[in-house]
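1. Predicted model follows, preceded by the sequence.
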Amino acid sequence: MKGRIIKGVGGTYFVATDNGIIKCSIRGIFRKNKITPTVGDYVEISILEDDKGIIENILDRKNILIRPRVSNIDCAIITFAIKSPNINLDLLDRFLVLAESQNIENIVICVNKCDLADKKELEEIEKIYKDIYPIVFTSTNDGIGIQQIKEYMKDKVVVFAGPSGVGKSSLINSILPDAMLKTGDISKKIERGKHTTRQVELLEAFDNTYIVDTPGFTSLSLDFIPKEKLQHYFKEFIEYLDKCKFCDCSHIKEPHCSIKEQIDINISKTRYERYTRFYQELEEQRKEFI
Ligand SMILES: Nc1nc2c(ncn2[C@@H]2O[C@H](COP(=O)(O)OP(=O)(O)O)[C@@H](O)[C@H]2O)c(=O)[nH]1
Ligand SMILES: [Mg+2]
Ligand SMILES: [Zn+2]
């Protein structure tokens with residue numbers, strides 16, 4: 001029988017199948033080969049009794065995130081608040097690069113707390129990203145944009161990624177009222193300073209659609225990315241890459257660079273500046289290793 005791991009607790013994996021949730025253990029061979037079943041994995045199981053089974057095989061993963069550890073993500077909703085905390089475009093672009101580098105097919109930008117901003121501030125952000133990614137403006141306070149987010153989620157496993165305090169848990173709560181994730185409001189009273197999101201779990205939002213809630217990050221190192229790859233993770237660069245004079249163009253100092261020629265035409269200057277900053281960071285890290 002086939003299924004999908006939606007939760008792991010200790011050595012027990014909860015596998016969603018056509019016949020409901022089966023609690024599975026794993027064959028010792030997995031441990032021996034250092035294979036860790038991961039939430040999101042498609043697996044083949046055999047049934048031992050009623051709702052108990054054993055995982056026989058893990059099917060190939062199309063991608064895997066490390067923090068939180070979850071596989072086969074179809075859609076990343078990169079969530080920031082326009083204010084409180086102020087939107088940080090450097091960090092937003094790092095999340096976008098990270099999502100691109102993980103082969104996530106659908107990437108959506110969500111700008112939350114738009115009740116705190118005026119139209120002009122939102123339009124500035126929209127202008128930079130609207131031709132590259134779908135961008136949705138939401139307010140969980142006013143229920144704005146939630147329906148649009150739901151449409152992007154349909155039939156997918158969706159991860160909400162972004163810094164803490166931007167409203168990820170609040171968004172998820174307004175998408176699936178049963179989840180009742182802890183949000184900042186409550187956590188301030190009980191566990192100040194700690195991130196409040198629980199263990200990794202696929203939460204069924206609606207039919208065939210799952211959500212992963214994640215703890216937030218405030219900074220994000222891209223150090224695992226080879227600097228030559230970075231250009232492919234700035235999605236709007238891709239169609240111009242083969243038009244540079246030098247085929248190994250880094251788009252920083254070389255002449256006749258089609259990326260630089262596109263600045264303020266089809267490539268936004270601020271995105272390009274972030275590319276150069278990330279590139280230089282990667283270059284400096286490399287030097288430290290030598
Ligand atoms: N003004 C405003 N506040 C919000 C909105 N969404 C969430 N918040 C507040 O932002 C804080 C952090 O929310 P939370 O969902 O815990 O953020 P998370 O850390 O990203 O999961 C809480 O105090 C929420 O009440 C919104 O749309 N507008
Ligand atoms: Mg949260
Ligand atoms: Zn170039």
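-> Thanks, I have it. Ligands and ions are numbered 1, 2, ... in the order given.
2. Walk me through the domains of this protein.
-> Annotated domains of the chain cover 2-60, 65-212, 227-289 [automatic domain parsing].
3. export the ones you listed to JSON lines and tack on mean neighbour count and mean pLDDT?
-> Placement of C-beta: from N, CA and C, glycine included. Below are these laid out as JSON lines (neighbours: other Cβ atoms under 10 Å; pLDDT from 0 to 100):
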{"stretch": "domain 2-60", "mean neighbour count": "16", "mean pLDDT": "92"}
{"stretch": "domain 65-212", "mean neighbour count": "18", "mean pLDDT": "87"}
{"stretch": "domain 227-289", "mean neighbour count": "15", "mean pLDDT": "95"}
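4. which residues pair with the spatially most central residue of the chain across the strands?
-> Closest residue to the average C-alpha location of the chain: residue 76 at 3.9 Å, with Cα atoms, centre = their mean. Counting by DSSP bridges, residue 76 forms beta bridges with residue 107, residue 159.
5. for ligand 3, what are the nearby residues on this structure?
-> For the chain, the residues in contact with ligand 3 (Cβ under 5 Å from the ion) are 244, 249, 251, 257, 259.
6. between the domains of the chain, which gets nearest to ligand 2?
-> The closest of these to ligand 2 is domain 65-212. By Cβ to the ion, the value is 3.3 Å.
7. Mind jotting down where the strands sit in the stretch 51-200 of the chain?
-> In the stretch 51-200 of the chain, the segments counted as strands under DSSP state E, counting those that start in this stretch are 52-58, 64-65, 70-71, 75-81, 106-112, 135-137, 157-161.
8. What is the nearest of the residues of the chain next to ligand 3 to residue 156?
-> residue 259 (31.4 Å; Cβ to Cβ).
9. so who does that closest one touch?
-> 231, 237, 240-241, 244, 249, 251, 267, 272 (Cβ atoms under 8 Å, 6 or more residues apart in numbering).
10. tell me the SS of it?
-> What DSSP: H, G, I helix; E, B strand; the rest coil gives for residue 259 is helix.
11. One more: residue 210?
-> Under the three-state scheme (three-state DSSP), residue 210 adopts strand.
12. Over to the one 10 residues further on?
-> Reducing the assignment to helix, strand or coil with three-state DSSP, the entry for residue 220 is coil.
13. Quick one: residues contacting the residue lying closest to it once chain neighbours are set aside.
-> Take residue 220 and drop its neighbours on the chain: the residue closest to it by Cβ to Cβ, 6 or more residues apart in numbering is residue 94, 4.4 Å away. By Cβ under 8 Å, 6+ apart, the contact list for residue 94 reads 220, 222, 278.
14. Among those residues, which one lies nearest to ligand 1?
-> Ligand 1 lies nearest to residue 220 out of the contacts of residue 94, by Cβ to the nearest ligand atom, at 14.8 Å.
15. Surely the closest one and residue 91 touch.
-> Yes. Using Cβ atoms under 8 Å, residue 220 is in contact with residue 91, at 6.5 Å.
16. Which single helix of this protein contains the most residues?
-> The single longest helix within the chain, with elements called by DSSP state H, is helix 269-289.
17. neighbouring contacts of that one?
-> Identification of contacts with helix 269-289 by Cβ under 8 Å, 6+ apart yields 89-90, 93-94, 97, 128, 132, 222-223, 225-227, 230-231, 234, 236-237, 250-252, 259-260, 263.
18. residue ranges for the helices of the stretch 101-250 of the chain, please.
-> For the stretch 101-250 of the chain, the helices defined by DSSP state H, counting those that start in this stretch occupy 119-129, 146-153, 168-175, 184-190.
19. Switch those over to CSV; also include distance to residue 3.
-> As requested, the helices of the stretch 101-250 of the chain are exported to CSV (distance: least, Cβ to Cβ, whole Å):
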stretch, distance to residue 3
helix 119-129, 37
helix 146-153, 21
helix 168-175, 23
helix 184-190, 33
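20. how many other residues sit next to residue 1?
-> 14 (other Cβ atoms under 10 Å).
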